[in-house]
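Student: Just a sequence and a predicted model for now, questions to come.
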Amino acid sequence: MTAALLGHSLTIVVGGGGVGKTTVAAALALDAAYAGHETLVMTFDPSRRLKDALGVGHDAADREVRVAASTPGALYASLLDARITFDRLVRRYAPDRQAAERIFASRLYDHLSGSLAGVLEYMAVERLFEVASHRRYSRIVLDTPPTRQALDFLDAPSRIVGFLDSGALRIALKPWFDEAGHLRPTRRLGPLGRGVEAFFDRLIGLGLLRDMAEFFQAFGPLFEGFRARAVEVQGLLRAPGTQFVLVARPEEQRVPETLFFARRLVEAGHRLAAVVVNMVHPEGPVTSAAVPDARDGRSLLAWLGRLDARGVETYRTRLPRHPLVDLPLLAGEPSDLVGLAEVRALIAPRWLAAFAAAGGADA
Amino acid sequence: MSSPADLSSVSLLVVTGKGGVGKSVVSAAIGLALYRAGRRVLLLETDPRENLHELTDVAPSGGEIVTLAPGLFLQNLSPQAIIGEVVREHLRVGYLVKRVSASPVFRHFVEAAPGLKELAVLGHALRLVRGYDRDRAELIDAVVLDAPASGHGLALLLAPGLTASVIDAGPFGRMARELAEFVRDPRATATVVVTHAEEMPVQEALELRDALVSRIGRHPDLLVVNALYPPIVRETRADPADRLAALWRQRRAINDRELARLGAEWTWPRLDLPLLPIRRGPALVEALVPALAGAVGGGHRRGSMRSMTEAAR
């Protein structure tokens, strides 16, 4: 048994869409299990093939399922479901069951839990926090949701805290309606008030306003709990046992955006363990033609290999202090545990070499 | 949902698909193809990375509409800016506008209100093509929107309907309903899904299709399968040590498998595009225009790989 590549208890794998985060996360988790760690990999809707590989189906939605890998440490996988996590949060902070049911029954809750900005990203961290606090696993790897920009994920908890602190909610929480369903503030104004009420009715519909007021009233008792929780969750992202692995593609055009994110991570006090440059086309023989032949796959691949080599070199120059792990483009995505083990075997030596080159920093 | 929209005459083309499949390049090529067919086109993006600016060789323009040629425009739209504009229009009093826009309540509302940013983007497109802003100099027939990746792209198309179902009255409800009709109407709006012939992007394309069909009764009007490896030529002597040849065979085999899956599951128009040895930039966009002109120019024929490859040589 060798030491695990992951030296920290929590690893968060981040990066843009289509960079291969899920495969990298699963391979790193498999490695930790090989090294004897009880390990959990949490992912958002991975490819069907990877689900097959890990042996998790829909039953792993929000549940940790044992992966049938014969590793010294047990490997578990779970699929993240934002809605289930949100529901659980509501139940936890609602003063009683009726209060929770009132929220679930609201037509606004449906709308909100599905489309509120950053809910998916926030729920991923929230779920990580839940699992981490059980201390059942010595290694947890979180594969983050596909955001347009990796930053969306990082900012999610602070956006939630900011929203809760903004005062918008305090305004929404005021008792706007009386028992008869009339707007309280306009009632006091007599006929003029009725005019104002009619204006609101025309503008947006009193029915909706009533629903909103009811929804926020129901939500009110939960806010303090939510807020305190979001602050704790925010703290977890900066905890000493937490590290980030940034996955990127080698295209030179994507380098500035990756560097920007790496800088933001470090500036915000997070630990950036490694940058994985994934799907690097192999370098061809030096003799290959400078002008590629579009009908010849070899010639195209050699051309892409030359471009990617330049991209990797740029990363190396621009990120001298961070371990840079370059992974070749695979013949195909791993579809079973054997394939995943191959990816892990591919990562391991490159990972160790990258860390040695970066001055022995441990992950 | 009986037949695909005529892409040469719709007002809004929403281009979406999984991250990293070439949405921006395809959006730019569609825009250019429509422009060459005589339409006045706005290329619209909402990503702060300004991919379309890069692809058309234009410096970041801070949200203003840039004229690339008479009848061809480019804009990077910040949804927040559009919402700010709406506030200015409705409040009119400068002092109030400042108070509202600067208030943290307003900023967080814009950030968090479900669907608001999506409505702002669609609303902007609708106003331009319907000519609601009479003082605007640009007359636009078609907006090509380089939309966010599948999940967020779907949210964009669903936002008007969801909002209309929550806000049933008043000007907001009316606006949401108008936009919902706009995206449901095959004479007004078309959806183009871009993918690679690889498992995950194809899976996302199929899921996006299912969601659109069941939620708004629209099938994506065109599927663009981008960056296909060239078909394997019969080799006279296969060298087992030739790693590149092996990788080519393996990657093309994945392409073939996914093309077969699409052949069985995607009965609507599809355009296959080859992987071209051209770096991402204006030249790549230009090389893709002929194939996309064929696809958006009326007929629903599939693009020929051979002619595309030839054009690139």
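Tutor: Thanks, I have it. Numbering: from 1, shown residues only, chains lettered A, B, ... in the order given.
Student: Which parts of the stretch 1-150 of chain B are strands?
Tutor: Secondary structure of the stretch 1-150 of chain B (DSSP state E, counting those that start in this stretch): strands located at B:12-17, B:41-45, B:66-69, B:72-76, B:142-146.
Student: looking at these, which is closest to chain A?
Tutor: For chain A, the closest of the strands of the stretch 1-150 of chain B is strand B:12-17, at 9.7 Å, according to Cβ to the nearest Cβ. For the C-beta atoms, the positions are set from N, CA and C on the backbone; glycine is no exception.
Student: So in that sheet, which strands flank the closest one, and in what orientation?
Tutor: Strand B:12-17 has the following strand partners under DSSP bridges: strand B:142-146 (parallel), strand B:189-196 (parallel).
Student: how distant is the shortest one from the center of its chain?
Tutor: Between the mean C-alpha point of strand B:142-146 and the mean C-alpha point of its chain there is a distance of 6 Å (Cα atoms, centre = their mean, to the nearest Å).
Student: quick one: contacts of it?
Tutor: B:10-15, B:23-24, B:27-28, B:30-31, B:34, B:39-47, B:51-52, B:121, B:125, B:128-129 (Cβ atoms under 8 Å, 6 or more residues apart in numbering or on different chains).
Student: Packing partners of the helix or strand that contains residue B:292?
Tutor: Secondary structure assignment for residue B:292, by DSSP states H and E: helix B:282-296. In this structure, helix B:282-296 packs against helix B:23-36, helix B:51-55, strand B:222-228, strand B:270-274, helix B:305-312, with contacts taken as 3 or more Cβ pairs under 8 Å, 6 or more residues apart in numbering or on different chains; DSSP states H and E.
Student: burial measure for the closest residue to chain A within the stretch 1-150 of chain B, as a count.
Tutor: Ranked by Cβ to the nearest Cβ, the top residue of the stretch 1-150 of chain B for proximity to chain A is residue B:19, at 2.0 Å. Look at residue B:19: counted by other Cβ atoms under 10 Å in any protein chain shown, it has 21 neighbours.
Student: my guess is it contacts residue A:17, does it?
Tutor: Yes. Under the contact definition of Cβ atoms under 8 Å, residue B:19 touches residue A:17, with a separation of 2.0 Å.
Student: Residue ranges in the stretch 1-150 of chain A under the pLDDT threshold?
Tutor: Across the stretch 1-150 of chain A, the stretches falling below the confidence threshold (pLDDT under 70) are A:1, A:45-49, A:111-118, A:146-150.
Student: neighbours of the residue in it that chain B sits nearest to, just the number please.
Tutor: Each residue of the stretch 1-150 of chain A has a distance to chain B, by Cβ to the nearest Cβ, and the smallest belongs to residue A:17, at 2.0 Å. The local packing count at residue A:17 equals 24, with neighbours defined by other Cβ under 10 Å.
Student: same thing with residue A:139?
Tutor: For residue A:139, the tally of surrounding residues (other Cβ under 10 Å) stands at 26.
Student: residues in contact with it?
Tutor: Residues in contact with residue A:139 (Cβ under 8 Å, 6+ apart) are A:4, A:6, A:9, A:11, A:29, A:32, A:33, A:37, A:38, A:39, A:40, A:73.
Student: Next: residue A:241.
Tutor: For residue A:241, the contacting residues are A:8, A:9, A:10, taking Cβ under 8 Å, 6+ apart as the criterion.
Student: now, among those residues, which is nearest to residue A:280?
Tutor: The shortest separation between residue A:280 and any of the contacts of residue A:241 is 25.4 Å, and it belongs to residue A:8 (by Cβ to Cβ).
Student: Please look at the closest one and residue A:242 and confirm they touch.
Tutor: Yes. With the criterion set as Cβ under 8 Å, residue A:8 and residue A:242 qualify as a contacting pair; they are 6.5 Å apart.
Student: which residues are common contacts for those two?
Tutor: Residues touching both residue A:8 and residue A:242 (Cβ under 8 Å, 6+ apart): residue A:271.
Student: Local confidence estimate at residue B:173?
Tutor: The predicted local distance difference test score for residue B:173 is 81.
Student: so how far is stretch B:215-226 off the chain centroid?
Tutor: Relative to the chain's own centre, stretch B:215-226 is displaced by 11 Å; criterion: Cα atoms, centre = their mean.
Student: same check, this time on stretch B:146-153
Tutor: The answer for stretch B:146-153 is 8 Å, by Cα atoms, centre = their mean.
Student: about what we covered before: who wins for most neighbours among the contacts of residue A:139?
Tutor: Ranked by neighbour count under the definition other Cβ under 10 Å, the contacts of residue A:139 are headed by residue A:29 with 35 neighbours.
Student: Excluding covalently adjacent residues, which one is nearest to that residue?
Tutor: If you skip the residues right next to it in sequence, residue A:29 has residue A:41 as its closest partner in space, 3.7 Å away by Cβ to Cβ, 6 or more residues apart in numbering or on different chains.
Student: same check, this time on residue A:88
Tutor: Of all residues apart from its sequence neighbours, residue A:130 sits closest to residue A:88 (Cβ to Cβ, 6+ apart), at 8.0 Å.
Student: Please, which helix or strand holds the one you found?
Tutor: Assigned by DSSP H and E, residue A:130 belongs to helix A:119-134.
Student: Would you tell me which one of the helices and strands packed on helix B:282-296 is buried the most?
Tutor: The highest mean neighbour count among the helices and strands packed on helix B:282-296 belongs to helix B:23-36 (a mean of 26), with neighbours defined as mean count of other Cβ atoms under 10 Å in any protein chain shown.
Student: Not counting its own residues, what contacts it?
Tutor: With contact meaning Cβ under 8 Å, 6+ apart, helix B:23-36 is reached by B:7-8, B:13, B:15-17, B:41-43, B:45, B:51-52, B:55-56, B:69, B:71-72, B:142, B:144-147, B:149, B:192, B:194, B:224, B:226, B:273, B:280, B:284-286, B:288-289, B:291-293, B:296-297.
Student: low-confidence ranges in chain B?
Tutor: Within chain B, the set of residues satisfying pLDDT under 70 comprises B:1, B:86-97, B:99-101, B:104-114, B:133-138, B:235-238, B:298-313.
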